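**Q** what would the 3D arrangement of this be:
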Amino acid sequence: MMITNWKRALAIALLAVCIAACNNNNNNKADINANAHQQHADSSRVEVYTFPTQQGFGYSIIVDHKEFIRQDCIPVIQGNKPFPTEVLAAQTGKLVAQKIRNNELPTLTLQELNNLGITQQ
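**A** Numbering: from 1, shown residues only. Model prediction:
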């Protein structure tokens with residue numbers, strides 16, 4: 001009876017050590033992934049280019065030499081309206097690029113567009 005309890009206690013202790021080791025390993029992986037993401041964000045190059053469309057202008061966001069966003073119409077507002085000027089397309093693209101650099105979602109609000117001088121028409 002004494003040996004059975006001793007084996008049971010040993011098995012529980014080994015199980016606890018294994019769980020602790022696995023948990024610590026997962027925490028290290030999370031730290032490594034967070035550091036890798038931060039290094040990527042710090043080292044990535046974010047560029048904005050404007051381009052003409054049939055009725056106006058749009059912008060592209062390039063991250064690490066790859067097209068990340070191609071926006072040929074004004075986001076947020078209804079319809080598929082292009083930017084009326086290259087300047088407005090560039091300003092909007094710069095705002096989106098800044099959000100990407102700050103590790104934010106590259107979404108825009110109607111208020112942000114209004115602040116840039118873009119209104120629903």
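
**Q** and the residue nearest to Tyr49 when sequence neighbours are not counted, what are its bridge partners?
**A** Spatially, and ignoring its direct neighbours in sequence, Tyr49 is nearest to Ser60 (4.8 Å; CB to CB, 6 or more residues apart in numbering). (C-beta placed from N, C-alpha, C; glycine too.) Per DSSP bridges, the residues bridged to Ser60 are Tyr49, Arg70.

**Q** thought Ser60 was touching Thr53?
**A** No: contact criterion CB atoms under 8 Å: Ser60 and Thr53 do not qualify, at 11.7 Å.

**Q** more neighbours, the two?
**A** Ser60 (17 against 14; other CB atoms under 10 Å).

**Q** could you list the domains of the chain?
**A** Using automatic domain parsing, the domain parsing of the chain gives 1-43, 46-115.

**Q** the strands in this structure, which residues?
**A** 46-52, 57-63, 66-71 (DSSP state E).

**Q** in TSV, list those along with distance to Val87 and mean pLDDT.
**A** Output for the strands of the chain, formatted as TSV (distance: least, CB to CB, whole Å; pLDDT from 0 to 100):
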stretch	distance to Val87	mean pLDDT
strand 46-52	9	98
strand 57-63	9	98
strand 66-71	15	97
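
**Q** figure out which of the ones you listed is closest to Asn103.
**A** strand 46-52 (11.2 Å; CB to CB).

**Q** list the helices and strands the closest one packs on?
**A** If you count contacts as 3 or more CB pairs under 8 Å, 6 or more residues apart in numbering; DSSP states H and E, strand 46-52 packs onto strand 57-63, helix 86-101.

**Q** in it, what's buried?
**A** 46, 48, 50 (16 or more other CB atoms under 10 Å).

**Q** quick check, the first one in contact with Arg101.
**A** It stands for Val46. Yes: here Val46 reaches Arg101: they are 5.5 Å apart, a contact under CB under 8 Å.

**Q** related to what we said a few turns ago, nearest to Pro82 among the strands of the chain would be which one?
**A** Between the strands of the chain, strand 57-63 lies closest to Pro82; by CB to CB that is 6.1 Å.

**Q** follow-up on the earlier one: take the buried residues of strand 46-52 and lay them out in JSON lines including distance to Pro106.
**A** Shown next, in JSON lines, are the buried residues of strand 46-52 (distance: CB to CB, whole Å):
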{"residue": "Val46", "distance to Pro106": "10"}
{"residue": "Val48", "distance to Pro106": "11"}
{"residue": "Thr50", "distance to Pro106": "16"}
